[in-house]
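Participant: Output the structure for:
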Amino acid sequence: MIALGYVLSFTYMALVICIGELVQRKFNLDKEMTRKCEHVATALSWIICYFFVGTSVHMLIINLIACAILGVIAFGNLMSSVEREDTKRSYGLFYYGLSTSVIAVIVVFINPEFIAFHGIAWFCLAFGDGFAPIFAKIFNKINVQIIPPKTIMGMLAVFVFSFASVIVFNFAFTLSYGWVFMLSVACLATLLEVFGKYGMDNFYVTFGVFGYLVLNFYGLVTPALIVAIIISLVLVIVAAKSKALTNTANAISFCFLLLCAFCGSWSLMTTVAVLFVLSGISAKVVALLHKKSPKEDKKSSARGSWQIVANSIVAAVLAIVYYITNINLFLLGSIAVIGEEFADTIASDFGKLSRRKPIDILRFKRIAMGISGGVSLLGTGMALVGAIVAMLIPYLILGKIMSFEIFILLCFIVFIGTIIDSILGSGLQALYKCNVCDSYVENGNHCNEQAVCVKGFSWLNNSMVNLLSGIFTAIITCLLLAFIL
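Facilitator: Numbers count the residues shown, from 1 in each chain. Below is the predicted model:
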């Protein structure tokens with residue numbers, strides 16, 4: 001049986017690849033379509049391998065041999081029908097074999113029960129990624145690009161075939177998964193495939209889906225995490241289409257939401273998700289009222305990865321500490337930091353609608369719109385509103401943990417955090433003067449020339465100010481609540 005398993009596995013894969021190569025050359029077919037059809041067909045070799053060698057060490061050997069063969073093909077560019085044409089930038093075929101081989105090691109040497117998870121991850125990647133460009137080409141007339149080169153029809157293909165793969169394995173291996181959980185697996189595979197470029201999706205999907213199933217096996221997947229994964233699919237699409245975030249920032253935000261759901265459960269996850277939506281809505285409302293040009297709006301509203309990291313790292317650390325210690329103080333601290341960032345964001349957005357120039361919070365002089373440290377009556381009022389809205393969400397969820405007195409205190413702390421942000425921006429953040437247009441800017445390069453730093457520290461930009469204000473908010477929250485909780 002084992003010997004037959006070796007023969008059939010490699011004979012089947014060789015036939016699929018060789019037939020695909022011959023057909024592609026003979027009929028000059030579309031290389032991308034031929035390549036994906038071969039990937040889908042070769043994926044069925046998993047069934048042969050499982051049936052003949054099971055979870056024995058031979059399963060690992062077959063995977064490693066296949067990985068070596070795929071590596072030779074990919075790096076040597078031996079078969080154009082199998083590997084994409086831009087092989088200098090993508091070695092997805094090799095990544096595919098490598099990722100499944102690593103998982104095979106875990107199955108063989110750690111827990112043979114994970115074999116079903118290996119199969120689900122295998123088919124989510126092979127079928128989802130394989131049918132994605134096929135769907136995109138078939139429905140080209142109604143297709144819409146989401147995160148280049150990923151399209152909505154490609155995402156739909158990944159979702160459908162991943163969902164189908166989980167359903168089949170659920171019944172074949174009696175895994176007893178609920179429909180909502182299986183839906184979350186499909187959503188996760190879709191998200192990971194979207195963020196993977198140059199073949200890296202072959203790592204992301206395989207390890208991501210397998211890891212998620214292992215977490216569920218050990219009872220570490222909470223209902224909040226399941227819901228977070230499902231709603232993330234919608235949030236990522238909306239953020240990508242609205243250009244609110246860069247692609248990398250979008251991926252970081254997705255990871256942050258999952259971390260909050262895993263560590264902080266419903267309260268933290270719901271707060272982050274709702275405030276994310278409200279931030280996007282407020283930005284669009286302000287852009288419409290401010291009457292910006294579409295190009296200017298897209299350029300100014302798209303938030304980069306460093307901005308997202310600076311805004312979320314403190315809250316993420318507190319969430320992890322809360323998960324480890326189960327001390328509510330750290331959960332409330334994380335919520336306060338998230339609330340401060342939200343309040344500061346909408347204060348900055350709506351402050352642009354003020355009819356008069358803002359006043360420097362330390363120097364009491366009128367400064368240009370958009371310069372850090374400037375405050376206005378409208379912006380300050382919206383900061384207070386943002387603080388109340390941000391704290392109202394966890395207040396309605398946490399119940400006894402967050403009493404009305406704590407709610408009021410956190411609103412005050414969040415509002416003070418926005419004031420601290422303005423003080424840091426005025427006193428420490430770098431301000432430059434452009435030698436070309438004589439305007440004051442926060443970017444060291446302006447009008448294609450190096451601007452002169454006239455105030456603050458050159459290394460302290462707006463992202464660093466946001467990070468510091470988050471740290472101060474966390475410290476104030478923990479110190480004050482330590483006397484209450």
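
Participant: drop to CA atoms for contacts and neighbour counts, all remaining ones
Facilitator: Noted.

Participant: May I have whatever helix or strand residue 210 lives in as PDB, with CA atoms only?
Facilitator: Per DSSP states H and E, residue 210 falls inside helix 201-217. Taking Å, rounded to 0.1, in the frame of the first residue of the first chain, the C-alpha atoms of helix 201-217 are listed here in PDB:
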ATOM      1  CA  ASP A 201      -0.600  33.800  -0.200                       C
ATOM      2  CA  ASN A 202       0.600  30.200  -0.400                       C
ATOM      3  CA  PHE A 203       2.100  30.800   3.000                       C
ATOM      4  CA  TYR A 204      -0.600  32.900   4.500                       C
ATOM      5  CA  VAL A 205      -3.600  30.800   3.600                       C
ATOM      6  CA  THR A 206      -2.000  27.400   4.500                       C
ATOM      7  CA  PHE A 207      -0.500  28.400   7.800                       C
ATOM      8  CA  GLY A 208      -3.400  30.800   8.700                       C
ATOM      9  CA  VAL A 209      -6.200  28.300   8.100                       C
ATOM     10  CA  PHE A 210      -4.200  25.400   9.700                       C
ATOM     11  CA  GLY A 211      -3.300  27.500  12.800                       C
ATOM     12  CA  TYR A 212      -6.900  28.700  13.200                       C
ATOM     13  CA  LEU A 213      -8.200  25.100  13.100                       C
ATOM     14  CA  VAL A 214      -5.600  24.100  15.700                       C
ATOM     15  CA  LEU A 215      -6.600  26.900  18.000                       C
ATOM     16  CA  ASN A 216     -10.200  25.800  17.700                       C
ATOM     17  CA  PHE A 217      -9.100  22.200  18.500                       C
END
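
Participant: in that helix, what's buried?
Facilitator: Buried residues in helix 201-217, defined by neighbour count with 16 or more other CA atoms under 10 Å: 201-214.

Participant: Stretch 6-22 now?
Facilitator: 6, 8, 9, 10, 13, 16, 17, 20, 21.

Participant: Surely the first one is in contact with residue 62?
Facilitator: Yes: contact status for residue 6 versus residue 62: in contact at 7.0 Å, counting by CA atoms under 8 Å.

Participant: which residues do these two both contact?
Facilitator: Counting by CA atoms under 8 Å, 6 or more residues apart in numbering, the common neighbours of residue 6 and residue 62 are residue 49.

Participant: re earlier: and which of the buried residues of stretch 6-22 is nearest to residue 323?
Facilitator: Residue 323 has its nearest neighbour among the buried residues of stretch 6-22 in residue 9, at 44.7 Å by CA to CA.

Participant: so what does the helix or strand the closest one falls within touch, helix or strand wise?
Facilitator: Using DSSP H and E, the element containing residue 9 is helix 2-27. Applying 3 or more CA pairs under 8 Å, 6 or more residues apart in numbering; DSSP states H and E, one finds that helix 2-27 contacts helix 31-43, helix 45-53, helix 57-76.

Participant: got the angle between it and helix 31-43?
Facilitator: Interaxial angle of helix 2-27 relative to helix 31-43 (axes from the mean of the first three to the mean of the last three CA atoms, to 10 degrees): 160 degrees.

Participant: between helix 2-27 and helix 45-53, how big is the angle?
Facilitator: Using the same axes, to 10 degrees: helix 2-27 against helix 45-53 is 160 degrees.

Participant: quick one: contacts of the helix holding residue 210?
Facilitator: Helix 201-217 has contacts (CA under 8 Å, 6+ apart) with 92-93, 95-96, 99-100, 103, 114, 117-118, 120-122, 124-125, 185, 188-189, 192-196, 221.
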